[in-house]
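>>> output the structure for:
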Amino acid sequence: MNTLTEKETRNGMDRKEFLRTAGSTALFAFLGISLASCDVTSSNDEELPENGNNGDNGAITIDGNTVRLNLDDDSLSPLRQAGGWMVLSQASVIVVNIDGDLIRAFTDVCPHASCRNNWQYQNQRFICTCHNSVFENDGSFVSGPAGRDLPEFAVQRQGNIVTVTK
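Residues are numbered from 1 along each chain as shown. Got it, this is the predicted structure:
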């Protein structure tokens, strides 16, 4: 029979629970995964609302390898203008508006060390902040340890509806 000491119950956590929590946190830290990296980020540092279990929040619909974006939704407003970009972590996609009309999409997984969601977009280039690999906005490799291009996905645009096919 497992008996908790008065000190363990007073703190609200027994040793097993503490080790389980600390172990998970240590694993995330060791792998370089930040809990904040689970959000959707954009050129305006906005966060999108979480998707439901079906991957649909009105602005973003995920159906298998197809991601549909409704740019009429204010949460996707960065993608309406040239240079606007977003990391859609729930879809594992980086989306960028190149010139006001042309939208491109890439994997959000860096080819170097599989880092996700650690991206910046500056001077028309993507930078993976894990190890500073740099890619042009057409996905071509520029510098850093990645050594190869960022995989691009097919994009179709009809008005303000953008469809990304992975």
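>>> for the record, mean pLDDT for stretch 59-72?
Averaged across stretch 59-72, pLDDT comes to 96.
>>> er, stretch 159-166 actually
97.
>>> show me how the protein divides into domains.
Per automatic domain parsing, the structural domains of the chain span 1-31, 36-165.
>>> mean pLDDT for these: which is lowest?
Averaging pLDDT over each of the domains of the chain puts domain 1-31 lowest, since it has a mean of 50.
>>> for residue 66, give the beta-bridge partners.
residue 63, residue 165 (DSSP bridges).
>>> hang on, it packs against residue 156?
No: if you go by C-beta atoms under 8 Å, residue 66 and residue 156 don't touch, sitting 10.1 Å apart. (C-beta placed from N, C-alpha, C; glycine too.)
>>> which neighbours do the two have in common?
Shared contacts of residue 66 and residue 156 (C-beta atoms under 8 Å, 6 or more residues apart in numbering): 163, 165.
>>> which of the two has more neighbours?
residue 66 (14 against 11; other C-beta atoms under 10 Å).
>>> quick one: the more buried one and residue 166, what's the gap?
8 Å (C-beta to C-beta, to the nearest Å).
>>> same question for residue 90.
13 Å.
>>> next: residue 134.
For residue 134, the distance to residue 166 (C-beta to C-beta) stands at 23 Å.
>>> swap in residue 128?
On the measure of C-beta to C-beta, residue 128 and residue 166 end up 19 Å apart.
>>> higher neighbour count, those two?
With neighbours defined as other C-beta under 10 Å, residue 128 and residue 166 compare such that residue 128 has more, 25 against 15.
>>> strands along the chain, start to end?
41-42, 60-63, 66-70, 85-88, 93-97, 103-107, 119-122, 125-128, 133-136, 141-143, 152-158, 161-165 (DSSP state E).
>>> make TSV from those and add distance to residue 78 to it.
Shown next, in TSV, are the strands of the chain (distance: least, C-beta to C-beta, whole Å):
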stretch	distance to residue 78
strand 41-42	4
strand 60-63	13
strand 66-70	11
strand 85-88	6
strand 93-97	8
strand 103-107	11
strand 119-122	10
strand 125-128	15
strand 133-136	19
strand 141-143	23
strand 152-158	15
strand 161-165	13
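>>> among those strands, which is nearest residue 77?
For the strands of the chain, proximity to residue 77 was assessed by C-beta to C-beta; strand 41-42 is nearest, at 8.4 Å.
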